[in-house]
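Turn this into a model:
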Amino acid sequence: MSLAEPLLLAEPRLSVLAGRDVPVRSVGTLGPAGTSSEQAARHVWHTFAGVGAPDVRLFDTYEEAGDALRSGAVSHVVVASAYANVSDFYMDTRLALAGAFIRDTPMYGIARRRGAAVPPRPRIASHPAPLPLVAQLLPDRFTAHETVKVTSTSAAAIAVRDGEVDLALTTQPSAAAYDLEFISRTRTIRMLWSVFTAAPA
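Here you go, the predicted structure:
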């Protein structure tokens, strides 16, 4: 199956728009492992490639994933609509929008190293896009905090694991991968994901 076929999937909020007839060989997106983008890329693979082990390739930035798409290293790239520079992908004449879908992210929460003490004014790592969630989720006992911007939700979790910051706004998969525990309630984000291919020559 390719992204050329317009269809509605079983879940009402999971609709896919028509796109170009480009078979899904490999899907690039923002890593490292555990990001919401990785989950979205796996969704694209399972929906449109459907066979074999997922060929999902993770990059340090969306821009690097875009470079891989332009060079032919991947056939598709998935980008979150909340990403501030997603417009660069839409404006790039070397790329083409192949599809889009709505899919909830994994649970987001604020996490610490398992059992670690957290100071009254913690340093919190977060990707810029979900930054408003810090104010929503940070427990009331913390009346002040400092934000440290990083490149992904997994990078935020790694910063906590490595002792660079006290807390991370991160996803459940990343918290599990880097042995963190949530100290806040959790929630998902309903996200529109854009899928790009290389533009026709």
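
Identify the residue nearest the geometric centre of this structure.
What sits nearest the mean C-alpha location of the chain, by C-alpha atoms, centre = their mean, is Ser37, with 2.5 Å.

Would you confirm that that one contacts Val78?
Yes. Taking C-beta atoms under 8 Å as the definition, Ser37 is a contact partner of Val78 at 6.2 Å. C-beta: built from backbone N, CA, C; applies to glycine.

any residues in contact with both of those two?
In terms of C-beta atoms under 8 Å, 6 or more residues apart in numbering, Ser37 and Val78 are both contacted by the residues Thr29.

Assumed the residue nearest to the centre of the chain was part of a helix.
Yes. Under DSSP: H, G, I helix; E, B strand; the rest coil, Ser37 sits within a helix.

His43 versus that one, what's the distance?
For Ser37, the distance to His43 equals 10 Å [C-beta to C-beta, to the nearest Å].

before we move on, what about Ser81?
As judged by C-beta to C-beta, Ser81 and His43 stand 15 Å apart.

quick one: which of these two has more around it?
A direct count of neighbours by other C-beta atoms under 10 Å for Ser81 and His43 places His43 higher, at 21 against 12.

residues contacting the more buried one?
Contacts of His43 (C-beta under 8 Å, 6+ apart): 101, 103, 193.

In three-state terms, label it for me.
Classification of His43 by three-state DSSP places it in helix.

Could you check the pLDDT of it?
His43 is assigned 90 on the pLDDT scale.

what ranges do the strands span in this structure?
Along the chain, counting by DSSP state E, strands occupy 7-8, 15-16, 27-30, 56-59, 76-80, 95-104, 108-113, 123-126, 146-149, 167-171, 180-182, 190-198.

could you give the angle of the longest one to strand 76-80?
So that's strand 95-104. Interaxial angle, strand 95-104 versus strand 76-80 (axes from the mean of the first three to the mean of the last three C-alpha atoms, to 10 degrees): 50 degrees.

Name the residues of strand 95-104 that are buried.
95-101, 103 (16 or more other C-beta atoms under 10 Å).

Confirm for me that Ala175 is in contact with Ile183.
No. Between Ala175 and Ile183 there is no contact under C-beta under 8 Å: 10.6 Å.

Specify which residue of these two has the higher count of neighbours.
Counted by other C-beta under 10 Å, Ala175 and Ile183 do not tie: Ala175 has more neighbours, with 28 against 18.

The closest residue to that one other than its chain neighbours pairs with what?
Distance criterion C-beta to C-beta, 6 or more residues apart in numbering; nearest residue to Ala175, sequence neighbours excluded, is Ala111 at 4.6 Å. Beta-bridge partners recorded for Ala111 (DSSP bridges): Ala168, Phe182.

Count the residues that sit near Ala111.
Burial of Ala111 is recorded as 29 neighbouring residues (other C-beta under 10 Å).
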